[in-house]
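J.: Build the 3D model from these lines:
(one chain, ligands or ions: 2)
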Amino acid sequence: MASNPTENERDAKRGALIVVEGLDRAGKSTQCARLVQTLQERGHTAKYIRFPDRTTTIGKMINEYLAGNAQIDDHSIHLLFSANRWEAAAKIEEDIANGINVIVDRYCYSGAVYSAAKDNPNLSLRWAWQPEIGLPRPDIWLFLNISPEEAAKRGGYGTERYENDKHQSRVRQLFLDLIKLGTDDDVCLVDAGQPLDKVSEDLTEHVLKCVDNIESHGPLRKFGPLP
Ligand code: Z5A
Ligand code: MG
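T.: Ligands and ions are numbered 1, 2, ... in the order given. This next block holds a predicted model:
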């Protein structure tokens, strides 16, 4: 007779790798914090990480670049963003193996599209994807879909690089291109223009389904080339 899993059986499950993506001010950080809290309230272990991680040596270089204090070649900064993920990869894998659900605020998808959106004909989406190959692949990625106009209503642009209408519109198109290319079949588009609580409700539904069925995903996968 089937029975509910015991506490130990539940703990033996691996964690899920959950990525939240979207344009600036789509609400990623707000929703990631809510997701961690919701998972914890339901008895799951959950941890929040974000990219860029500005605390590492590489992250500090990225921060200087984003703040406009350092000029770095487009390809070089792209590789630094990717290196910033690679330096976290082993820890992500360890946490997932230990049953921790890892919620990631921006990941490889931002990495590829923000670079490919630049006015640089030598930096295509395909080129930009290459250094991401081999990184842990999420079990689910949630794209907070919002128009740049709607996002702009949430406050003016800051002073960091990429915070302008032209770049944001290209970024959105490239996100949608990436989704269409089918990097994986675990993407969920969520309407991020809805009220905060409704966005949380939609995200929670997708995430709980993933976490509760994580055994059916098999071992944590790695990114391959773009199809
Ligand atoms: N970048 C890159 O180039 N390459 C890479 O590999 C990576 C990143 C990883 C910094 O990112 C830059 O790095 C970014 C991409 C590039 N460049 N740009 N532009 P970041 O993640 O550090 O950026 P951030 O400072 O965290 O901001 P954000 O991501 O743009 O915002 P958000 O996290 O999506 O939004 P939020 O902080 O949760 O919410 C923003 C405001 O909207 C806040 O007042 C909320 O209360 C409000 N909000 C949120 N949701 C709603 C709803 N539903 N209704 C109304 N108001 C809302
Ligand atoms: Mg944020």
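
J.: Could you use CA atoms for every contact and neighbour count after this?
T.: Will do.

J.: elements contacting the longest helix anywhere in the chain?
T.: Secondary structure of the chain per DSSP state H: the longest helix is helix 74-97. In terms of contacts (3 or more C-alpha pairs under 8 Å, 6 or more residues apart in numbering; DSSP states H and E), helix 74-97 is packed against helix 57-66, strand 101-105, helix 108-116, strand 136-137.

J.: for the chain, what spans make up the strands?
T.: Listed in chain order, the strands of the chain (DSSP state E) span 17-22, 46-50, 101-105, 136-137, 140-145, 187-191, 221-222.

J.: so which of the helices and strands packed on helix 74-97 comes closest to ligand 1?
T.: Among those, the nearest to ligand 1 by C-alpha to the nearest ligand atom is helix 108-116 (3.0 Å).

J.: quick one: average pLDDT of that closest one?
T.: Across helix 108-116, pLDDT averages out at 98.

J.: Then stretch 148-163?
T.: 85.

J.: Was I right to think W141 contacts V20?
T.: Yes - between W141 and V20 there is a contact under C-alpha atoms under 8 Å: 5.8 Å.

J.: Can you pull the residues of the protein lying near ligand 1?
T.: 24-30, 51-52, 81, 106-108, 110-111, 114-115, 154, 162-163, 192-196 (C-alpha under 6 Å from any ligand atom).

J.: what's around K209, how many residues?
T.: Neighbour count of K209, defined by other C-alpha atoms under 10 Å: 10.

J.: I'd like the helices and strands packed on helix 74-97 laid out as TSV, including mean neighbour count.
T.: Below are the helices and strands packed on helix 74-97 laid out as TSV (neighbours: other C-alpha atoms under 10 Å):
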stretch	mean neighbour count
helix 57-66	17
strand 101-105	23
helix 108-116	23
strand 136-137	21
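
J.: for stretch 131-140, which positions count as buried?
T.: The neighbour-count check on stretch 131-140 (16 or more other C-alpha atoms under 10 Å) flags 131-132, 135-140 as buried.

J.: buried subset of the residues of the chain next to ligand 1?
T.: Among those, the ones that count as buried (16+ other C-alpha under 10 Å) are 24-29, 51-52, 81, 106-108, 110-111, 114-115, 162, 192-193.

J.: From ligand 1, how far out is E205?
T.: E205 sits 16 Å away from ligand 1, going by C-alpha to the nearest ligand atom, to the nearest Å.
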